[in-house]
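Asks: fold the following for me, if possible:
(one chain, ligands or ions: 1)
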Amino acid sequence: MPYTCSATQLPEVLVLEPKVVNIDRGFCFESFSARDFLEATGYHNPFVQDLHTRATHGVLVGIHYQIHHPHGKLVRVIAGRVFNVAVDLRKYSPSFGRSVGMAISSDKGQQLWIPPGFGHGFVVLSDAAEVLIKATDYAYAGHQRSVRWNDADLAIAWPAVGTPIIAAADAQAPCLRDAELFMENRLLSTQRWKSTRQFRGQVQVSNRLQPRNA
Ligand SMILES: Cc1cn([C@H]2C[C@H](O)[C@@H](COP(=O)(O)OP(=O)(O)O[C@H]3O[C@@H](C)C(=O)[C@@H](O)[C@H]3O)O2)c(=O)[nH]c1=O
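Replies: A predicted model of the protein is given here:
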């Protein structure tokens, strides 16, 4: 069951919406399909780790990224409502420093695809929320980095949540201009995930990121 796929203002950051089937005992949907993900993004099942995180209202996390082991992340919310932000941290990118934010709720099954080279943050809008993240690399403590969530250069329009609850490491994170960022050669290893005709010949896509309905 293919996702509905739409690009955001940052065209590599995609919103994927699976078809939810309502049945008499509840609902059912394919929350991940390697075939449909390949068709939507051009990446052939790059994921190696799932992260399940729970947080209460006002918890603000990020902007997180991993230097040397850049993550792509497929983010979904399985309980509550969460405002997610993706920030382009590729120094060489035309959209470097630009961000896109989007509230996701558990009810529609929406997922946000944030490719490697972007940072990710979120704030919890509901009383509590649970977020599931499929990641394209493992977490390496020594490589984890954060850019300051309220950096004026990023000018992220966070929704109001009162006083946000922020980990000390995130509160003290460097601003974009002082942060260690992605240089082109550090992302080259991610090319290995790109696929042309690898999915048992069933799906053929271009080797460029290409939203289905772009
Ligand atoms: C990220 C991560 C954390 N942990 C553990 C380490 C620590 O004790 C605890 C909390 O870790 P953190 O403080 O990094 O959790 P958190 O501040 O929620 O960080 C997360 O932020 C969001 C935006 C992401 O995208 C995630 O990848 C991750 O960076 O969970 C793992 O075991 N595996 C993991 O992959």
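
Asks: in the chain, which spans are helices?
Replies: 34-41, 168-171, 184-187 (DSSP state H).

Asks: pick the most buried one from those helices.
Replies: A comparison of those by mean neighbour count, using mean count of other CB atoms under 10 Å, puts helix 34-41 on top with a mean of 21. For the C-beta atoms, the positions are set from N, CA and C on the backbone; glycine is no exception.

Asks: low-scoring stretches of the protein, by residue?
Replies: When residues are selected by pLDDT under 70, those of the chain lie in 1, 185-214.

Asks: swap the cut-off to 50 and go again
Replies: Across the chain, the ranges flagged by pLDDT under 50 are 188-192, 195-214.

Asks: middle-most residue in this protein, spatially?
Replies: For the chain, the residue sitting closest to the mean C-alpha position, by CA atoms, centre = their mean, is residue 114 at 3.2 Å.

Asks: next, count neighbours for residue 161.
Replies: By the measure other CB atoms under 10 Å, the count of residues near residue 161 is 15.

Asks: quick check: it touching residue 122?
Replies: No - using CB atoms under 8 Å, residue 161 is not in contact with residue 122, being 11.0 Å away.

Asks: for residue 107, find the nearest of the helices of the chain.
Replies: helix 34-41 (20.2 Å; CB to CB).

Asks: surely residue 119 meets residue 65?
Replies: Yes - the pair residue 119 and residue 65 qualifies as a contact (CB under 8 Å) at a distance of 4.1 Å.

Asks: close to the ligand: what parts of this structure are there?
Replies: 51, 53, 61-62, 64, 73, 120-122, 133, 139, 167 (CB under 6 Å from any ligand atom).

Asks: returning to that earlier point: want to throw the helices of the chain into a markdown table with distance to residue 28?
Replies: Shown next, in a markdown table, are the helices of the chain (distance: least, CB to CB, whole Å):
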| stretch | distance to residue 28 |
| --- | --- |
| helix 34-41 | 15 |
| helix 168-171 | 36 |
| helix 184-187 | 37 |
